[in-house]
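**Q** What shape does this take:
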Amino acid sequence: MTASTNAGNAPDEQSVIETAQSLLASRLDVVRPLAEIIAERQSLRAQLADVERRYGAAYASAEAGGWTTGELAQMGATEPTRRPVGRPKRARGVKASSAPAAPASPPNPRAAEPMPNPSPAPSA
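**A** Numbers count the residues shown, from 1 in each chain. This next block holds a predicted model:
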């Protein structure tokens with residue numbers, strides 16, 4: 001074959017573009033449902049984030065109104081994953097100590113041996 005024969009059989013620019021568009025169209029058809037689901041998923045995530053925020057605020061209001069986490073759990077309300085912005089929740093019944101804890105004493109460098117354990121009293 002000569003170069004002139006190949007040139008006569010070579011596709012022209014327009015036919016190459018049409019073939020490419022045809023190939024792309026079949027690929028686009030299978031990706032369209034994915035694109036729709038991605039958009040739906042993003043919308044649902046935004047809705048869920050809003051519901052979680054409102055749930056956290058309502059749960060905190062119920063606690064502030066005197067309901068315990070146990071009572072709320074009996075009603076089917078689980079602790080929210082997202083709480084409203086503010087002070088962190090403190091466990092009920094735990095009172096803060098007014099006196100700071102005494103610091104641990106440093107080890108005695110003069111003690112070369114560990115203290116012996118008292119031997120158990122013989123049983124009668």
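
**Q** can you pull the contacts of G56?
**A** Contacts of G56 were listed using C-beta atoms under 8 Å, 6 or more residues apart in numbering, and they are P80, T81, R82, R83, P84. In this view, the C-beta of every residue, glycine as well, is placed from N, C-alpha and C.

**Q** run the last query once more with 7 Å
**A** Under the criterion of C-beta atoms under 7 Å, 6 or more residues apart in numbering, the contact list for G56 reads P80, R82, R83, P84.

**Q** Find the nearest non-adjacent residue to it, please.
**A** Spatial nearest neighbour of G56, chain neighbours left out: P80 (3.9 Å); criterion: C-beta to C-beta, 6 or more residues apart in numbering.

**Q** What backbone torsions are found at the one you found?
**A** phi -70, psi 150 (degrees, to the nearest 10).

**Q** who's in contact with it?
**A** E52, Y55, G56, Y59.

**Q** that older thread, which of the contacts of G56 sit farthest apart?
**A** The span of the contacts of G56, defined through C-beta to C-beta, is set by P80 and P84 at 9.0 Å.

**Q** Compare the contacts of P80 and tell me which has the most neighbours.
**A** Within the contacts of P80, most neighbours by other C-beta atoms under 10 Å means Y59, with 20 neighbours.

**Q** Let's see the pLDDT reported for it.
**A** For Y59, the model assigns a pLDDT of 96.

**Q** same check, this time on N117
**A** At N117, pLDDT is 62.

**Q** Next: T81.
**A** T81 carries a pLDDT score of 85 in this model.

**Q** so it makes contact with E52?
**A** Yes. T81 lies in contact with E52 (C-beta atoms under 7 Å); the separation is 6.3 Å.

**Q** now the contacts of G56: which count as buried?
**A** Buried subset of the contacts of G56 (neighbour count, 16 or more other C-beta atoms under 10 Å): P80, R83.

**Q** Going by distance to A20, which of the contacts of G56 wins?
**A** Proximity of the contacts of G56 to A20 (C-beta to C-beta) peaks at R82, which lies at 48.1 Å.
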